[in-house]
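A.B. asks: okay, here's the prediction I keep looking at, along with the sequence it came from:
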Amino acid sequence: MQNPDYKLEPWVLKQRQGLPLDIKVKMTQRRIKQWYERHDGRVYVSFSGGKDSTVLLHLVRQMYPEVQAAFIDTGLEYPEIRDFVKTIENVEWLKPKLGFKAVIEKYGYPVVSKEVAQKIHEIRTTKSDKLRNKRLHGDDKGNGKVSEKWKILIDAPFNTSHKCCDALKKSPVKKYERVSGLRPFVGTMAEDSWARSLSYLRKGCNSFDTKRPMSTPLMFWRESDIWEYLKLNGLMYSKIYDMGYTRTGCMFCMFGAHLEPKPNKFVVMAKTHPAQWNYCINKLGCGQVLDFIGVEYE
């Protein structure tokens, strides 16, 4: 079966993002139905407890009430997210083998971005002169090198790594999908990042033949659509959004912290979750990392 959205032009995405919510809902329902039937109902919803996956779970269960949800309990979720997930029925809680402390001790801190952290990690650990030179200077066309700005991390008094997400999220999800045989619905949207926009243009909402097949039926929605849908349907959501947070990923993750508007999540966390903030900044050593890259946290 060929994806109906396969190799879209950018203008098509913009057009779809501008559609009224009721049209978007119908389009999303078609994609949900397509995914569900393709896999004979052997599907699940990847449920983070955030607003996007809350909308996705509601849409899926309106059509197929029996569909299970799966929540990855990394230990880094805001307490309000965990509390909200506990109110939802038929949710499988997944746990990684390693905790965040073990991950940063073994691999390094998630800082700046996955791309930068990986390149720095490779420069510092690889035994390949070819790879090291590529990360330092780029290939023949100058591609593949770490940016000059972040070369300061090469000699940082701490290790950096991109492997946090792999250890805490991807590993337990892969095991769950392998054991259960279920295929995921995931609540990502193209407007979340440039990479996700490109993914939508290349694969559409339902990627059947990729290495990890998944359905992302909210891809052409905008954040304003999410809030409108929650309001129109009278849906409960985690109260973390009423505490000054706009994103609800891992509490201690430092990817993108240098790009956040003031006050960033660490400054907000100092006021809303002082115990977790102290553990993160002082016990785990994230304070020294943020100091090194010039990001405020109090």
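C.D. replies: Looks like it arrived, so ask away.

A.B. asks: confidence-wise, which helix or strand of this protein is lowest on average?
C.D. replies: Ranking every helix and strand in the chain by mean pLDDT, DSSP states H and E puts helix 194-203 at the bottom, with a mean of 88.

A.B. asks: can you point me to the longest helix in this structure?
C.D. replies: helix 21-38 (DSSP state H).

A.B. asks: now that helix - C-alpha only, CSV.
C.D. replies: Only the C-alpha atoms of helix 21-38 are listed here, as CSV (Å, rounded to 0.1, in the frame of the first residue of the first chain):
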residue,chain,number,x,y,z
LEU,A,21,-9.8,21.8,12.8
ASP,A,22,-12.9,19.8,11.8
ILE,A,23,-11.3,19.0,8.4
LYS,A,24,-8.0,18.0,10.1
VAL,A,25,-9.9,15.7,12.5
LYS,A,26,-11.5,13.9,9.5
MET,A,27,-8.2,13.6,7.8
THR,A,28,-6.6,12.2,10.9
GLN,A,29,-9.4,9.7,11.5
ARG,A,30,-8.8,8.4,7.9
ARG,A,31,-5.1,7.8,8.7
ILE,A,32,-5.9,6.2,12.0
LYS,A,33,-8.4,3.8,10.3
GLN,A,34,-5.8,3.0,7.6
TRP,A,35,-3.1,2.2,10.1
TYR,A,36,-5.5,0.2,12.4
GLU,A,37,-6.8,-1.9,9.5
ARG,A,38,-3.4,-2.5,7.9
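
A.B. asks: pull out the buried positions in that helix.
C.D. replies: K24, V25, M27, T28, R31, I32, Q34, W35, Y36, R38 (16 or more other Cβ atoms under 10 Å). Heads up, the C-betas are built off the backbone N, CA and C, glycines and all.

A.B. asks: quick one on the thing from earlier: tell me what the least confident helix or strand of the chain is packed against?
C.D. replies: Using 3 or more Cβ pairs under 8 Å, 6 or more residues apart in numbering; DSSP states H and E as the contact test, the elements touching helix 194-203 are helix 10-17.

A.B. asks: which neighbouring elements make contact with the helix it packs on?
C.D. replies: Using 3+ Cβ pairs under 8 Å, 6+ apart: helix 10-17 touches helix 194-203.

A.B. asks: okay if I get the buried residues of helix 21-38 as CSV plus distance to D242?
C.D. replies: Output for the buried residues of helix 21-38, formatted as CSV (distance: Cβ to Cβ, whole Å):
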residue, distance to D242
K24, 25
V25, 25
M27, 30
T28, 26
R31, 31
I32, 29
Q34, 35
W35, 32
Y36, 33
R38, 38
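
A.B. asks: helix or strand right after the longest helix of the chain?
C.D. replies: Going down the chain from helix 21-38, the next helix or strand is strand 43-46, by DSSP states H and E.

A.B. asks: got the buried residues for that next one?
C.D. replies: Per 16+ other Cβ under 10 Å, strand 43-46 contains these buried residues: V43, Y44, V45, S46.
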